[in-house]
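>>> Here is the input, now give the coordinates:
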Amino acid sequence: MHIDDLRVLAPLWLSKTEEVREDRAHWATNITGDIYGKGWISEMYGYSFGAAEAGLRHKINDDLMIYPGYTPRPGVEPILLHYGLPITVGNWSFSKLEHHEDGIVYECGRLFPEPPYPRDVKFMEPDPNKRRGLFLSIECINTMNEGLLLQHARNDARSQSGQNI
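Predicted coordinates for the structure are as follows:
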């Protein structure tokens, strides 16, 4: 996106998001697709309405992003993992909602629950495409845990230097 487009879009995006957030009567799943009915996807609607009003055109690429747990199409390697929905691999599961209000980012050493090892997934799922989806789920949570380790190291360094965390 060009910066000039963003300058036009940004105020529209904000105002449309605010409108959607105020319109609680239309937050229901069957109207907006917000499975939690909390208006959490209002920014997406604000973006879409603002971009339409600004006259922006988009190139749609359905190979870019996937939800962990979904099965990617053969030959597609998505570069973004959107962990907005609960993730399940065998008996293990993760939902960001379980951590919505906890201090996991600030609690030194604390990580999200460890997923199964890839070698275990081989026995869980015989279909190679579905297995790829499970591997992406494991990669997603392991990447988030890696990010937590980096954040904990930063927090530790700040606390040792006397800075507030």
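>>> contacts, neighbours, all on C-alpha from now
Noted.
>>> first to last residue in stretch 117-135, what's the distance?
Length of stretch 117-135, first residue to last, Cα to Cα, to the nearest Å: 9 Å.
>>> and that stretch, which residues are buried?
Using 16 or more other Cα atoms under 10 Å as the test for burial, stretch 117-135 gives 121, 129, 130, 131, 132, 133, 134, 135.
>>> so how far is the helix or strand hosting the last one from its chain's centroid?
Put plainly, it is residue 135. Using DSSP states H and E, residue 135 maps to helix 128-161. In terms of Cα atoms, centre = their mean, to the nearest Å, the centre of helix 128-161 is found 13 Å from the chain centre.
>>> Strands along the protein, start to end?
Applying DSSP state E to the chain gives strands spanning 65-66, 80-81, 87-89, 92-94.
>>> can you list the domains in the chain?
3-54, 65-162 (the TED database).
>>> mind putting those domains in JSON lines, mean pLDDT included?
Shown next, in JSON lines, are those (pLDDT from 0 to 100):
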{"stretch": "domain 3-54", "mean pLDDT": "85"}
{"stretch": "domain 65-162", "mean pLDDT": "88"}
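>>> Setting the sequence-adjacent residues aside, check what's closest to residue 107.
Nearest residue to residue 107 in three dimensions, chain neighbours excluded: residue 152, at 7.4 Å (Cα to Cα, 6 or more residues apart in numbering).
>>> ok, that neighbour - how many residues close by?
20 (other Cα atoms under 10 Å).
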